[in-house]
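Asks: Sequence plus the predicted model coming up.
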Amino acid sequence: MGIYAITGGATGIGDAVKNRLRTQGHEVLVIDIKSADIQADLSSEEGRGWANSELARIAVDGLDGFVACAGLGPHVMPYSLITRVNYFGAKASVEGARDLVAQKNGAIVVVSSTSAVFDYEDNFLTLLHEDKEEEACAAADKLDGQTAYGAAKYALTHWMRQHSAAYAAGGVRMNAIAPGYTNTPLNAMAQASSEYAAAIAAYKASIPIGFAGEPEDQASAVCYLLSPEARFICGSVLFVDGGSDAQMRPGEF
Ligand code: NAD
């Protein structure tokens with residue numbers, strides 16, 4: 001049986017991935033700000049460094065797979081925290097796991113979002129691409145939450161695409177899933193608030209397949225991409241969204 005690590009494995013999609021892998025008999029190391037094997041705050045450089053060094057210490061013989069799932073929703077303030085966790089934290093965790101996954105010719109899955117496909121302001125994206133975290137965070141605090149969130153997912157997905165060939169050459173298959181609306185704690189607070197409830201209900205009603213996703217729907221896609229069944233899939237973005245992206249962008253793929 002294999003050994004896997006996942007960020008954000010305490011709740012929601014990450015928890016479902018963890019449970020699915022454990023049910024398959026694998027060992028799973030959770031990196032999270034709470035309820036974790038490696039407790040770390042991925043919003044800070046210190047926390048990322050701690051997570052990466054602890055992971056290397058524990059998974060000394062390598063990893064069969066790594067999932068970058070930790071993330072904050074678009075309603076979390078300050079919005080710079082979204083930039084720190086969803087882009088800089090996710091990227092640093094993948095970079096930290098790369099050599100461990102290479103040791104076992106394993107796979108990495110990055111958790112993106114359907115919101116990654118929209119156009120975001122070039123100046124902000126440039127700050128992300130150039131790793132200017134403090135400047136990007138200052139800029140994020142002047143944006144709205146949806147933009148900070150979507151731009152972080154856009155940049156993370158582009159980063160995955162740009163690096164997948166080099167990772168593959170080193171023995172690591174890297175892909176992303178792009179979840180659509182999924183019932184998790186990330187959405188629960190917004191759904192319960194009078195400010196967002198109506199918009200969320202309308203969005204959920206628009207999902208072509210007729211229902212919102214559950215964490216297990218995302219977990220099955222992640223575990224498929226991690227598995228040998230997906231051995232020729234590399235650098236792909238798998239939309240797990242009940243048809244929302246196809247409905248919104250029928251001419252794009
Ligand atoms: P969730 O809130 O249940 O899970 C997020 C996890 O990330 C939690 O375990 C949380 O503790 C952890 N986390 C948050 N901040 C952290 C930090 N600073 N350091 C370490 N860990 C931290 O939400 P979820 O919906 O399961 O989200 C998982 C991923 O899926 C996120 O990246 C999110 O952006 C993405 N996503 C979710 C949806 C959705 O509709 N739920 C849609 C698209 C993408």
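Replies: That came through, no problem.

Asks: from what I can see D217 touches D241, true?
Replies: No: using Cβ atoms under 8 Å, D217 is not in contact with D241, being 9.4 Å away. Using the backbone N, CA and C atoms, a C-beta is placed for each residue, glycine as well.

Asks: show me the contacts for N183.
Replies: A212, G213, E214, P215 (Cβ atoms under 8 Å, 6 or more residues apart in numbering).

Asks: ok, and the closest non-adjacent residue to the third one?
Replies: Computed as Cβ to Cβ, 6 or more residues apart in numbering, the closest residue to E214 that is not its neighbour in sequence is N183, at 5.8 Å.

Asks: Compare D217 and D241 and say which one has the larger neighbour count.
Replies: D241 (25 against 20; other Cβ atoms under 10 Å).

Asks: Around the ligand, which positions in the stretch 51-200 of the chain sit nearby?
Replies: Within the stretch 51-200 of the chain, the positions near the ligand by Cβ under 6 Å from any ligand atom are 69-72, 85-86, 111, 113, 179, 181-182, 184-187.

Asks: Sort out which of the residues you listed are in strands and list them.
Replies: V111, P179 (DSSP state E).

Asks: Tell me the one of the residues of the stretch 51-200 of the chain next to the ligand nearest K104?
Replies: Nearest to K104 among those: C69, at 19.6 Å, using Cβ to Cβ.

Asks: Among the residues of the stretch 51-200 of the chain next to the ligand, name the buried ones.
Replies: 69-72, 85-86, 111, 113, 179, 181-182, 184, 186-187 (16 or more other Cβ atoms under 10 Å).

Asks: And the residues you listed, which two are furthest apart?
Replies: Top of the distance list for these (Cβ to Cβ): V85 and Y181, 19.8 Å.

Asks: Report pLDDT for the residue of the stretch 51-200 of the chain found nearest the ligand.
Replies: Shortest the stretch 51-200 of the chain-to-the ligand distance, computed as Cβ to the nearest ligand atom: residue-wise this is G71, at 2.3 Å. Predicted confidence (pLDDT) at G71: the value is 98.

Asks: Now do the contacts for it.
Replies: Contacts of G71 (Cβ under 8 Å, 6+ apart): G8, V85, N86, A90, V111, L186.

Asks: From A70, how far out is the fifth one?
Replies: Spelled out, that is V111. From V111 across to A70, the span is 8 Å (Cβ to Cβ, to the nearest Å).

Asks: where does this structure have low pLDDT?
Replies: By pLDDT under 70, the chain has no low-scoring segment.

Asks: Going along the chain, name the strands of it.
Replies: So, for the chain - with DSSP E - the strands run 3-7, 27-32, 38-39, 65-68, 107-111, 173-179, 237-240.

Asks: okay, those, which one's buried deepest?
Replies: strand 65-68 (a mean of 30; mean count of other Cβ atoms under 10 Å).

Asks: residues shared between the contacts of V111 and A70?
Replies: What both V111 and A70 touch, as defined by Cβ under 8 Å, 6+ apart, is the set G8, G14, A90.

Asks: Next, the contact list for the second one, please.
Replies: Put plainly, it is G14. Contacts of G14 (Cβ under 8 Å, 6+ apart): I6, T7, G8, V30, D32, V67, C69, A70, V111.

Asks: Could you dump those into a markdown table with distance to Q103 added?
Replies: Output for those, formatted as a markdown table (distance: Cβ to Cβ, whole Å):
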| residue | distance to Q103 |
| --- | --- |
| I6 | 18 |
| T7 | 19 |
| G8 | 23 |
| V30 | 20 |
| D32 | 23 |
| V67 | 17 |
| C69 | 21 |
| A70 | 23 |
| V111 | 23 |
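
Asks: And the furthest pair within those?
Replies: Largest pairwise distance in the contacts of G14, by Cβ to Cβ, is 14.3 Å, between V30 and V111.

Asks: Any chance of the backbone angles for the closest residue to I207 other than its chain neighbours?
Replies: Distances taken as Cβ to Cβ, 6+ apart put G242 closest to I207, at 4.3 Å, once the chain neighbours are dropped. Per-residue torsions, G242: phi 60, psi 20 (degrees, to the nearest 10).
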